[in-house]
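Engineer: Would you be able to build a 3D model of this:
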Amino acid sequence: MPKTLLLIAMLCCAPAHCTVLWQDFRLSYLTGNNYRLGDNKRAIYTFEHAAATSWGDSFFFLDHIRPDTGDLTNYAEWAPRWSFSKLGLAEGKWGLISEVSLATTVEMSSQATHLLYGVGVNLDIPHFRYVQVNLYRRNNDNRSDNWQTTITWGLPFAVGDQDFLYDGFLDWASATEDHNATLNMTSQFKWLLSKPLNIEDKIYLGFEYVLWLNKFGIKDQPNLRSNEYNLNLLLKWHF
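Structural biologist: Now for the predicted structure:
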């Protein structure tokens, strides 16, 4: 599917008048010093918005990346998904599957725009707040198209009277003739700091760990290390 037509479809198919069932705004600060392919030390400020609507769900984030040296950069993704059951197109529940959606994502940076489209499912798994699996065809700028699987999850739990959250995503993208297969597993382990402080807004303190093999599809080699194993300090505010 041509990129321009897909982008127009994404922008126009989301109803202009719809019901927002819930939404969550988040700001976070990350800092770490084991990044690959660029400055090792970076601080990242992130704005996120997640929502469930009468037509499906949506997730957006914008990273403002401040390396220790070098240029400031921004990177964003928007991932709307259209629910078959909410739109009256199909039954939503089959066993562990609680929802089936048309899944799309647009990845935006100053270097390229990539458009992804495919099928997403929500899974009902005990104790998890959510588990989602999306299967995409990637329509890439400046490189061959390929396939991607994305899994996201959220697992809340408590230790004594303290609340914690373990969430994250796993992206696997296939190889083509001009780039290698890549796997990125990024997860966050967070303590609800605002609870013992009696603060109404949710404020989490914790860390993010990134395991990224063949980052950006670049093969890890002795003279060009692209495998990233990166632990970051994290502070996140939900408002």
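Engineer: Checking Phe216 next. Helix, strand or coil?
Structural biologist: helix (DSSP: H, G, I helix; E, B strand; the rest coil).
Engineer: Report the buried residues of stretch 131-141.
Structural biologist: The neighbour-count check on stretch 131-141 (16 or more other C-beta atoms under 10 Å) flags Val131, Gln132, Val133, Asn134, Tyr136, Arg138, Asn139, Asn140 as buried. Using the backbone N, CA and C atoms, a C-beta is placed for each residue, glycine as well.
Engineer: and for that stretch, what are the contacting residues?
Structural biologist: Applying C-beta atoms under 8 Å, 6 or more residues apart in numbering, the external contacts of stretch 131-141 come out as 1, 3, 6, 81, 103, 105, 111-123, 125, 145-153, 173.
Engineer: let's see 6 Å
Structural biologist: 3, 103, 112-123, 125, 145-146, 148-153 (C-beta atoms under 6 Å, 6 or more residues apart in numbering).
Engineer: Return the distance of it from the chain's centre.
Structural biologist: The chain centre lies 11 Å from the centre of stretch 131-141; the measure is C-alpha atoms, centre = their mean, to the nearest Å.
Engineer: Report the mean confidence score over that stretch.
Structural biologist: Stretch 131-141 shows a mean pLDDT of 97.
Engineer: likewise stretch 144-161?
Structural biologist: 97.
Engineer: ok, which stretches of this protein are helices?
Structural biologist: For the chain, applying DSSP state H gives helices covering 3-13.
Engineer: show me where it has strands.
Structural biologist: In the chain, the segments counted as strands under DSSP state E are 20-32, 42-53, 56-67, 73-83, 97-108, 113-123, 130-139, 146-159, 162-173, 182-192, 202-213, 228-238.
Engineer: would JSON lines of those strands with distance to Lys219 be doable?
Structural biologist: Shown next, in JSON lines, are those (distance: least, C-beta to C-beta, whole Å):
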{"stretch": "strand 20-32", "distance to Lys219": "23"}
{"stretch": "strand 42-53", "distance to Lys219": "23"}
{"stretch": "strand 56-67", "distance to Lys219": "23"}
{"stretch": "strand 73-83", "distance to Lys219": "22"}
{"stretch": "strand 97-108", "distance to Lys219": "21"}
{"stretch": "strand 113-123", "distance to Lys219": "20"}
{"stretch": "strand 130-139", "distance to Lys219": "18"}
{"stretch": "strand 146-159", "distance to Lys219": "15"}
{"stretch": "strand 162-173", "distance to Lys219": "14"}
{"stretch": "strand 182-192", "distance to Lys219": "10"}
{"stretch": "strand 202-213", "distance to Lys219": "10"}
{"stretch": "strand 228-238", "distance to Lys219": "13"}
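Engineer: looking at the ones you listed, which is closest to Gln221?
Structural biologist: strand 202-213 (12.7 Å; C-beta to C-beta).
Engineer: list the buried ones in that closest one?
Structural biologist: Lys202, Ile203, Tyr204, Gly206, Glu208, Tyr209, Val210, Trp212, Leu213.
Engineer: these two touch, right, the second one and Ser194?
Structural biologist: To tie it back to what came earlier, the one meant is Ile203. Yes. Using C-beta atoms under 6 Å, Ile203 is in contact with Ser194, at 4.0 Å.
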